[in-house]
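> Here is my input; please provide its structure:
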Amino acid sequence: MKLLPLAAVLGALALGGCGTFTALFGGSAASAATLTDAEKALTVAHLAYLGTGIALEQAAQSGALTGANATKAEALYDKAGAALDIADAADDAANAGGIFAAVADAEAALTSLNTLIKK
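As a prediction, this is how the structure comes out:
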């Protein structure tokens, strides 16, 4: 049962491993810089964030994540959440570049967090 949320997180992060999601949605940076593509990237990032939250909670409850690593994990999760808030604001402003930049920041924090959870 615990593998399902972790698989969801890993799948979303694998999809997100495309830098700013350029390869995922069109190949070139020019074609990916559309609002629709940015919103797709934002949706994937939100799903990765939710999945990572589930994995983080399970790691904490099982005792696999404690002490300094737990504190660092919480900070990384908060950083990813703040980046997604910025991406949502950029989406409200129809700013595709801002969405991509904030999603990349969230993805970096989630990737670091995933490394902590795997330890």
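
> For residue 93, give me phi and psi.
The phi and psi values for residue 93, taken as degrees, to the nearest 10, are phi -90, psi 0.

> Now do the same contact list for it.
Residue 93 makes contact with no residue, according to CB atoms under 8 Å, 6 or more residues apart in numbering. (Glycine included, C-beta is placed from N, CA and C.)

> Make 7 the starting number, not 1.
I'll keep to 7 as the first residue from here, and by that count the last item is residue 99.

> ok, it to residue 91 distance?
Going from residue 99 to residue 91 by CB to CB, to the nearest Å gives 13 Å.

> Repeat that for residue 54.
According to CB to CB, residue 54 and residue 91 sit 15 Å apart.

> And the two? Which one has more around it.
residue 54 (27 against 12; other CB atoms under 10 Å).

> Flag every buried residue along the helix of greatest length in the chain.
Secondary structure of the chain read by DSSP state H shows that its longest helix is helix 41-68. For helix 41-68, a neighbour-count test (16 or more other CB atoms under 10 Å) marks 43-44, 46-48, 50-55, 57-59, 61-62, 64-66 as buried.

> do the same with stretch 95-103
Of the residues in stretch 95-103, 96, 97, 101, 102 count as buried by neighbour count, 16+ other CB under 10 Å.

> start to end distance for that stretch?
With CA to CA, to the nearest Å as the measure, stretch 95-103 spans 12 Å from end to end.

> Listing request: residues of this structure with sub-threshold pLDDT.
7-39, 125 (pLDDT under 70).

> Tell me which helix or strand the nearest residue to residue 115 once chain neighbours are set aside sits in.
Excluding its sequence neighbours, the residue lying closest to residue 115 (CB to CB, 6 or more residues apart in numbering) is residue 86, at 3.9 Å. Counting by DSSP states H and E, the element that carries residue 86 is helix 73-98.

> which helices and strands does that helix pack with?
Packing partners of helix 73-98 (3 or more CB pairs under 8 Å, 6 or more residues apart in numbering; DSSP states H and E): helix 41-68, helix 102-124.
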